[in-house]
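S.K.: Would you be able to build a 3D model of this:
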Amino acid sequence: MNQNEFERLAELFKIFGTPTRLQILYALVDEEKCVYDIARELGMSQSAISHQLSILKQNRLVKNRRDGKTIYYSLLDSHVLTIIAQGLEHIREKPQ
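M.R.: Just a heads-up that it's a prediction; the model follows:
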């Protein structure tokens, strides 16, 4: 790996560094959802969710599609799910 790749990887891990973003990503694991549904599920304001979704989209972790006036969000690809699953497996692992 070169220095640029290390820096980009560090930036990616920063995005996973907030519980709210992780909760949003986890909420999208099984199905796409609109901002209203995510906000209701997480007990947060729609503006807070929209702000975090914007960051996740800029960093290519989620994608969206429009259906009339409603925008639905989903995980960009299986890599995002793999990162979440691997992280959960690691923290749930019993120390040796």
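
S.K.: out of everything not next to it in sequence, what's closest to the residue nearest the centre of the chain?
M.R.: With distances taken as CA atoms, centre = their mean, residue 25 lies nearest the centre of the chain, 3.2 Å away. With CB to CB, 6 or more residues apart in numbering as the criterion, residue 25 has its nearest non-adjacent residue at 6.0 Å, and that residue is residue 84. C-beta coordinates here come from the backbone N, C-alpha and C atoms, glycine included.

S.K.: residues contacting the one you found?
M.R.: Residue 84 makes contact with 22, 25-26, 29, according to CB atoms under 8 Å, 6 or more residues apart in numbering.

S.K.: quick one, phi/psi of it?
M.R.: Here the main-chain torsion angles of residue 84 (degrees, to the nearest 10) amount to phi -60, psi -50.

S.K.: Break down the chain into its helices, ranges please.
M.R.: Under the criterion DSSP state H, helices of the chain are mapped to 3-15, 19-27, 35-42, 46-58, 78-92.

S.K.: tell me the mean pLDDT for stretch 17-35?
M.R.: Averaged over stretch 17-35, pLDDT sits at 96.

S.K.: okay, that stretch in PDB with CA atoms only?
M.R.: Coordinates of each C-alpha in stretch 17-35 appear next as PDB, following Å, rounded to 0.1, in the frame of the first residue of the first chain:
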ATOM      1  CA  GLY A  17     -16.500   6.400  13.800                       C
ATOM      2  CA  THR A  18     -19.800   7.700  14.900                       C
ATOM      3  CA  PRO A  19     -22.600   5.600  16.500                       C
ATOM      4  CA  THR A  20     -25.300   7.500  14.500                       C
ATOM      5  CA  ARG A  21     -23.700   6.700  11.100                       C
ATOM      6  CA  LEU A  22     -23.300   3.000  12.200                       C
ATOM      7  CA  GLN A  23     -27.000   2.900  13.300                       C
ATOM      8  CA  ILE A  24     -28.100   4.400  10.000                       C
ATOM      9  CA  LEU A  25     -26.000   1.900   8.000                       C
ATOM     10  CA  TYR A  26     -27.300  -1.000  10.100                       C
ATOM     11  CA  ALA A  27     -30.900   0.200   9.600                       C
ATOM     12  CA  LEU A  28     -30.300  -0.100   5.800                       C
ATOM     13  CA  VAL A  29     -28.800  -3.700   6.000                       C
ATOM     14  CA  ASP A  30     -32.100  -5.500   5.100                       C
ATOM     15  CA  GLU A  31     -34.000  -2.900   3.000                       C
ATOM     16  CA  GLU A  32     -34.000   0.600   1.600                       C
ATOM     17  CA  LYS A  33     -35.700   3.200   3.700                       C
ATOM     18  CA  CYS A  34     -36.600   6.900   3.500                       C
ATOM     19  CA  VAL A  35     -35.400   9.600   5.900                       C
END
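
S.K.: Great, nothing more from me.
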